[in-house]
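J.: Build the 3D model from these lines:
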Amino acid sequence: MTVGTEHEYSINDAAFHPLPISDRLMEILSGSVRSELPFGEIELSKELQKHVLEIVPRRPAASIAALESTLYGGLKHLHAALDGRCRFLGLGMHPLLRLTETAVWDHEEKEIYEAYHRLFDLRQHGWLNIQALQINIPYADPVRMTGMFNRIRALIPYLVAVTAASPCVEGRLTGCVDNRIHYYRINQAKIPDICRDLIPERIRSLEDYQEIQQAIYRQLKEKGAEILCREWVNSRGVIVRFSRQCLEIKAMDEQECIRSDMAITAFVLALLRNRDLDLDDEESALRALIDSAMRRGTEPLRPELRRLYAAAVESATDDERAYLPLVAERIERGSVGEIMAREVRKSGDLHGFLERAEQCLWLNTPLRERT
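T.: Numbering: from 1, shown residues only. The predicted structure follows:
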């Protein structure tokens, strides 16, 4: 099975203030403002908010190790090419950003964001301050797609728990370790079917999914937003990307480094391979589990996460198994968001934490809690 991932990083000045300059960086690197830019083995892409840059591998990888090598090599190349003009950070949200400190992409494809703004008002953290890790998993045929889709649907709360990495909003701990999911679930409240609290309906066939997608399109057309009637508008925790013939998982916060992203990717692939996994997929139960994971991370879901981890180890390839111990560490000691919340609460030094988070990204070293 091949796999691809998408990673979103904030652009910052020396003191970690967000810099809304993704267009300027594209111009420096290519000579013109572009929304996408092939850059060695990776591709750089604009995001809605101009203080964020997305990196993706230019082609799916046959192993997690190969994917990690491509992405980390690309990040180092980017760092060298920009020669200290800015600092990048992972995490699910920018911990300091105030909404007036960023801007919406205003070049090619700006009409898409103008439509979103007219419908939903982009001046929200749920639009201007979210950074996600997305995993793209190819499917061979509609039957296998349906099975994988339903399994990922039931895994969404657990993925939220182990990847929660956004406990701070505008410089303050909120008491919730995954604020990205909190804001993401309400940013399109005027048409709730688009996000549906992150939980898609269980489907029986490809046609089921297509009917759901068409129902979303009808609601958008009624509001004069035909331009948004594309497969990517669906904002649930897992969607079908027909144009790439893959499933795209959108439920996870960006992690602090590529290595941690790869561990989560290995966890997902191994769980999809395990045919004996028994998961509760009742909708109200999933919604309650997501609420718990969003507020408290791994702690309330730990017994079930341990069971899932054992299943992942049992079905993992050698390549995946090499990354799984980091997932075990997150399950037992907490997600990045839980660690961040404990450390900032104890020390009061958010800036010092961000210095460490940046080092994690550039050295590709997972965050460990200070003792």
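J.: Pull the contacting residues for Ile212.
T.: Pro200, Glu201, Ile203, Asn234 (C-beta atoms under 8 Å, 6 or more residues apart in numbering). In this view, the C-beta of every residue, glycine as well, is placed from N, C-alpha and C.
J.: got any ranges where this structure has weak pLDDT?
T.: Screening the chain residue by residue with the criterion pLDDT under 70, one finds no matching range.
J.: Ile64 contacts Tyr323, doesn't it?
T.: Yes - if you go by C-beta atoms under 8 Å, Ile64 and Tyr323 touch, sitting 5.8 Å apart.
J.: count of residues packed around Ala328?
T.: 17 (other C-beta atoms under 10 Å).
J.: go on, Thr371?
T.: 3.
J.: and it, what does it touch?
T.: Contacts of Thr371 (C-beta under 8 Å, 6+ apart): none.
J.: From Arg34, how far off is it?
T.: Noted for Thr371: a distance of 46 Å to Arg34, by C-beta to C-beta, to the nearest Å.
J.: wait, Leu97 sits on Asn129?
T.: Yes - look at Leu97 against Asn129 with C-beta under 8 Å: they come within range, at 5.1 Å.
J.: Neighbour count: these two, which is higher?
T.: A direct count of neighbours by other C-beta under 10 Å for Leu97 and Asn129 places Asn129 higher, at 28 against 24.
J.: The more buried one against Leu48, yeah?
T.: No - in this structure Asn129 lies outside contact range of Leu48 using C-beta under 8 Å: 10.4 Å.
J.: quick one: the strands in the stretch 51-200 of the chain?
T.: 52-57, 87-89, 132-138, 168-169, 172-173 (DSSP state E, counting those that start in this stretch).
J.: how much does the third one deviate in direction from strand 52-57?
T.: By that I understand strand 132-138. 30 degrees (axes from the mean of the first three to the mean of the last three C-alpha atoms, to 10 degrees).
J.: can you start the count at 198 instead of 1 from here on
T.: That works, and once the first residue is 198, the last one we named lands at strand 329-335.
J.: Run me through the strand neighbours of strand 329-335, direction for each.
T.: strand 201-209 (antiparallel), strand 443-450 (antiparallel) (DSSP bridges).
J.: next one: the second one
T.: Sheet pairing for strand 284-286, assigned by DSSP bridges, gives strand 201-209 (antiparallel).
J.: CA atoms only for the partner strand, dumped as CSV, please.
T.: Extracted in CSV, the C-alpha atoms of strand 201-209 (Å, rounded to 0.1, in the frame of the first residue of the first chain):
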residue,chain,number,x,y,z
GLY,A,201,0.9,10.3,1.1
THR,A,202,0.6,13.0,3.7
GLU,A,203,0.0,16.7,3.9
HIS,A,204,1.6,19.0,6.5
GLU,A,205,0.8,22.6,7.5
TYR,A,206,3.4,24.8,9.2
SER,A,207,3.1,28.4,10.5
ILE,A,208,5.5,31.0,9.3
ASN,A,209,7.0,33.1,12.1
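J.: Tell me which residues are up against that strand.
T.: Contacts for strand 201-209 (C-beta under 8 Å, 6+ apart): 215-219, 222, 244, 248-254, 256-258, 264, 268, 283-288, 291, 294, 328-333, 443, 451, 455, 458-459, 462, 558.
J.: Perfect, that will be all.
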